[in-house]
Each structure stands twice: as structure tokens, then as C-alpha cells.
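**Student:** Structure, please.
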Amino acid sequence: MEFQHFSHEHPLVFIQEQSIASEEKKVRCSGCEKVVDGPSYCCNECKFYLHKNCAELQLTPEINHPFHPKHLLTLLPKSASGMYWCNFCGRTIFGFIYRCDPCDFDLHVNCDLLQSSIAENFPNYLHKHPLIFIQNHNEEVEYDCAGCAKPLSGPIYHCLDCDSHK
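**Tutor:** Numbering: from 1, shown residues only. All right, here's what the predicted structure looks like:
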């Protein structure tokens, strides 16, 4: 079964059981950048891979995101001009990216999918800027807590102005 994905010029072929996860042949998904294991789509011409779930995500071309409320973010299939860093998690982005050109703001698709809400009840005497509450950061954030300096676990608060996590 062939599939044409917006992020790739060649048709992709469905592979039911993909397991190229041996140390010398690790293949990464071109969408989420995680190791491909299980059902996936592959380009036989250039070895482009997408997890089945990543290929079938209904990604919106432009989004309004709480991590960057100033402007819409535009979906790009991959880093077009080289290196981008996610403004939320700080990692380099090689896969799908949401970008705001005027602000030079970039967001991993993985970080876009984090469930978040504005933390209106957080005491402002503890932090001067509005915070975003994130229930489960799925280990996308590898920083230590700005308050206690311990590794982050469980729900977190994120400050867009200071780029800190608590």
C-alpha cells in the first residue's frame, strides 16, 4: 500500500512490522525523531521513515499555541535551512517543526502535542510572569527544576518569558 505524505516527495510504502532497532541500524522517524519500531511507512528510494502514527497525524498547517500566543505557528515538514532548536525543550529539531519566522520561535511537534493550560492560580509572588501548567511532559524536557534544581518529573510549570521550568 503506497501513501503520499506532505513531508516527502516520494510515495511511502507501508511496513507492518518494522524492527530496524539494532545498534548499528537504528532508523529514526523523520517526524518525531524517535527510533522506528513497529508499523511504519518507508521510502524505498531514500530511506525516509515515518511511524504509522506520525504519518497519520492530522497536523494543522497553522496553529495558535499557548507556548507562543503572539503569532500563529506554521508547520514545516523538516528543518529547511539547517539547525533549529525547540524553544520549549531546548533540543535540536530535525523532524516536523512548528515555526514563527518573525519571532524566530520553533517548536518540536512532540512538544506541540503536550497537553497544557495557562496556570491562572499559580501565586504571582512566587513568579512574576504567567506560567503554563503541563500535566505530562513525556520526558521532552530534560532540564532541572528552576526552584529546587532537581530533575523534573510529573506535572510541571513552564515560564515562556524566562524559559524556566518548575
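
**Student:** Would you agree residue 60 is in contact with residue 72?
**Tutor:** No - counting by CB atoms under 8 Å, residue 60 does not reach residue 72; the two are 9.8 Å apart. The way it works is simple: take the backbone N, C-alpha and C, and place the C-beta from them, glycine included.

**Student:** Would you map the strands across the protein?
**Tutor:** Listed in chain order, the strands of the chain (DSSP state E) span 2-3, 12-19, 37-42, 49-51, 62-65, 68-76, 84-85, 92-93, 97-100, 105-108, 116-118, 131-134, 156-159, 164-165.

**Student:** Any stretches of the protein with poor pLDDT?
**Tutor:** Within the chain, the stretches with pLDDT under 70 are 18-25, 78-82, 114-127, 135-144, 146-149, 152-153, 160, 163-166.

**Student:** is residue 28 in a bridge, and if so with what?
**Tutor:** Judged by DSSP bridges, the bridge partners of residue 28 are residue 35.

**Student:** Contacts only, for it.
**Tutor:** The neighbours of residue 28, taking CB atoms under 8 Å, 6 or more residues apart in numbering as the test, are 34-36, 49, 94.

**Student:** If we use 7 Å, what do you get?
**Tutor:** Residues in contact with residue 28 (CB atoms under 7 Å, 6 or more residues apart in numbering) are 34-36.

**Student:** Can you list the neighbours in contact with stretch 93-104?
**Tutor:** So stretch 93-104 is in contact with 7, 29-33, 59, 63, 65, 68, 70-71, 73-79, 84-86, 106-109, 112, going by CB under 7 Å, 6+ apart.
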